[in-house]
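1. no FASTA, just this:
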């Protein structure tokens with residue numbers, strides 16, 4: 001389970017505005033990558049974690065109901081939250097790696113409170129000047145990163161529910177834009193929408 005161990009160590013090094021950054025939607029065939037940046041106060045980080053905080057973990061390991069409940073708690077108790085997107089068009093133009101970094105950078109730039117240290121899931125961000133650390137599998141280690149993954153996942157899923165109404169027949173509410181069997185069947189039958197990622201393999205299901 002994720003914890004505040006890294007954040008507490010950074011607090012002892014003198015940092016006070018420590019934010020976690022993560023994104024979701026890299027592997028989807030449809031829609032944007034959504035990134036979030038979450039910053040908890042020093043008092044919150046140093047307080048003994050209990051209740052809902054102990055449930056925070058990598059968003060992929062949580063049920064949709066638990067993610068939605070935790071996202072509400074995070075948005076209520078976090079000192080600051082920022083959101084960033086990379087559209088399917090940007091993903092096609094730049095590739096998924098650079099577009100994902102762009103989404104995370106925008107999430108940081110949208111923060112109402114300026115971080116003094118970033119914990120980023122996986123890789124450092126090239127276009128921000130804050131001290132930072134890329135943490136391998138950070139959403140399983142750091143509560144700040146895991147909280148960002150939860151917020152980003154819940155927001156992207158909500159977008160998919162809305163897209164399911166606009167683009168009927170692709171089952172976006174169910175598959176969230178990922179390459180399920182029924183998604184590929186719909187692509188074969190109806191073709192891609194303008195929000196599909198055309199540089200991804202839309203013709204056949206991945207093995």
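-> Noted; the coordinates are in hand. Computed from a predicted model, the values in this text were never measured in an experiment.
2. where's the spatially closest residue to residue 30 that is not a sequence neighbour relative to residue 183, distance?
-> Nearest residue to residue 30, sequence neighbours excluded (Cβ to Cβ, 6 or more residues apart in numbering): residue 177, at 3.6 Å. For every residue, glycine as well, the C-beta is placed using N, CA and C. Separation of residue 177 from residue 183 (Cβ to Cβ, to the nearest Å): 8 Å.
3. any residues in contact with both of these two?
-> Contact with both residue 177 and residue 183 is made by residues 29, 30, according to Cβ atoms under 8 Å, 6 or more residues apart in numbering.
4. And residue 90, how far from residue 177?
-> Taken as Cβ to Cβ, the span from residue 90 to residue 177 is 15 Å.
5. Give me the more crowded residue out of those two.
-> More crowded of residue 90 and residue 177, by other Cβ atoms under 10 Å: residue 177, with 26 against 18.
6. Could you pull up phi and psi at that one?
-> Main-chain dihedrals, residue 177, degrees, to the nearest 10: phi 90, psi 0.
7. wait, doesn't it sit right on residue 31?
-> Yes - counting by Cβ atoms under 8 Å, residue 31 is a contact partner of residue 177 at 4.5 Å.
8. where do the contact lists of the two overlap?
-> 25, 160, 163.
9. I'd like the next helix or strand past the helix or strand of the chain with the lowest mean pLDDT.
-> Sorting the helices and strands of the chain by mean pLDDT, DSSP states H and E puts helix 42-46 at the bottom, at a mean of 91. Following helix 42-46 in sequence order, the next helix or strand is helix 64-77 (DSSP states H and E).
10. hmm, who's touching that following helix?
-> Helix 64-77 is contacted from outside by 38, 40, 44, 52, 55-56, 59, 62, 81, 147, 150-151, 153-155, 157, using Cβ under 8 Å, 6+ apart.
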